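*Asks:* got a predicted structure here, sequence first:
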Amino acid sequence: MRTPLHCLLPALLLALTSLTASAQDDSQQIRSAIENYLRKQTAGLPGQSSFTVSPVESGGRTACPALEVSMAPGARSIGRTTVLVRCHNATSWSIYVPVQIKVMTEYLVTTRPLNQGQLIGESDLTIQTGDLGNLPNGVILDSAQAVGRVAAIPLPAGRPLLVDLLRQPPVIQAGQTVKVVSRGATFEVSSEGRALSAAAEGKVVQVRLNNGQTVSGLARQGGIVEISF
């Protein structure tokens, strides 16, 4: 005997309501897992951090007792980025969810144009506040990372200062007369020569000795080039 359609309709509506509620519960579980993950990720960031999570689409996923959240491969750690949510159960699945992480913090910009090789002082810098996610990678937040270094390229005024745009100042200049100290386990020999290039502390520099021989060593303060054996 066939069951009349009007008798089946309540059961169908109940099943549909149950599926909708299950999808909503699943989406909320995923969203909560992402929010917990982002709270931990942003806890140690400088300045004031906040984040927003895009709506999680429902899509026939099986219930998952434990979700694993991570940054998507190749994604940025701040700004507009994406997280990967995985479920490792009998029917494993994964989804990508867009998020935005804002980090409002202070950073350094130049107060005036700087020439290549110019030594940077406190007066060459000023502080601005902005979202770290909108700034280039390697922007300098602490003046201790910039003062006493030199500009690697000409820098215009008002430019965010980046680590890659600065160099350690040279401790040896090209053409400078230097003392070459050769050290081994049981000996130390000194000689003099002329540096063939400029070099910062700990960098390799070539020296032409007074006898015409060219050697390489590490630049040190006080016009010393160190060669270790």
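*Replies:* Perfect, I can see it now.

*Asks:* just give the number of residues close to the residue nearest to Leu166 when sequence neighbours are not counted.
*Replies:* When the adjacent residues along the chain are set aside, Leu166 lies closest to Arg149, with 4.3 Å between them (CB to CB, 6 or more residues apart in numbering). Where C-beta positions appear, they are placed from N, C-alpha and C, glycine not excepted. Neighbour count of Arg149, defined by other CB atoms under 10 Å: 19.

*Asks:* wait, Arg149 sits on Leu165?
*Replies:* No: with contacts counted by CB atoms under 8 Å, Arg149 stays clear of Leu165, the gap being 9.4 Å.

*Asks:* mind pulling up the pLDDT for the residue nearest to Leu166?
*Replies:* Looking at Arg149, its pLDDT is 94.

*Asks:* equivalent analysis for the one 4 residues further on, please.
*Replies:* Listed pLDDT for Ile153 reads 95.

*Asks:* could you do the one 5 residues further on as well?
*Replies:* pLDDT, Gly158: 94.

*Asks:* surely it and Val109 touch.
*Replies:* Yes: in this structure Gly158 lies within contact range of Val109 using CB under 8 Å: 5.6 Å.

*Asks:* quick one, which of the two is more surrounded?
*Replies:* Looking at Gly158 and Val109 with other CB under 10 Å, you find the greater number of neighbours at Val109, namely 18 against 12.

*Asks:* would you map out the domains in this protein?
*Replies:* 14-55+64-102, 104-167, 170-228 (automatic domain parsing).

*Asks:* and the longest strand along the chain, how far out from the chain middle?
*Replies:* Determined from DSSP state E, the single longest strand within the chain is strand 93-110. Relative to its parent chain, strand 93-110 has a centroid offset of 11 Å by CA atoms, centre = their mean, to the nearest Å.

*Asks:* show me what the helix or strand just after it is packed against.
*Replies:* Remark: after strand 93-110, the chain's next helix or strand is strand 125-131, criterion DSSP states H and E. Secondary structure elements in contact with strand 125-131, counted by 3 or more CB pairs under 8 Å, 6 or more residues apart in numbering; DSSP states H and E, are strand 93-110.

*Asks:* may I see the buried residues of stretch 90-97?
*Replies:* Buried residues in stretch 90-97, defined by neighbour count with 16 or more other CB atoms under 10 Å: Val97.

*Asks:* repeat that for stretch 71-86.
*Replies:* 71-72, 75, 78-79, 81, 83-85.

*Asks:* same question, stretch 98-109
*Replies:* 99, 101-103, 105, 107-109.

*Asks:* next structured bit after the particular helix or strand that has Glu68 in it?
*Replies:* Using DSSP H and E, Glu68 sits within strand 67-71. Per DSSP H and E, the first helix or strand lying C-terminal to strand 67-71 is strand 79-87.

*Asks:* pairing partners for that following strand, with directions?
*Replies:* Strand 79-87 sits in its sheet next to strand 67-71 (antiparallel), strand 93-110 (antiparallel), going by DSSP bridges.
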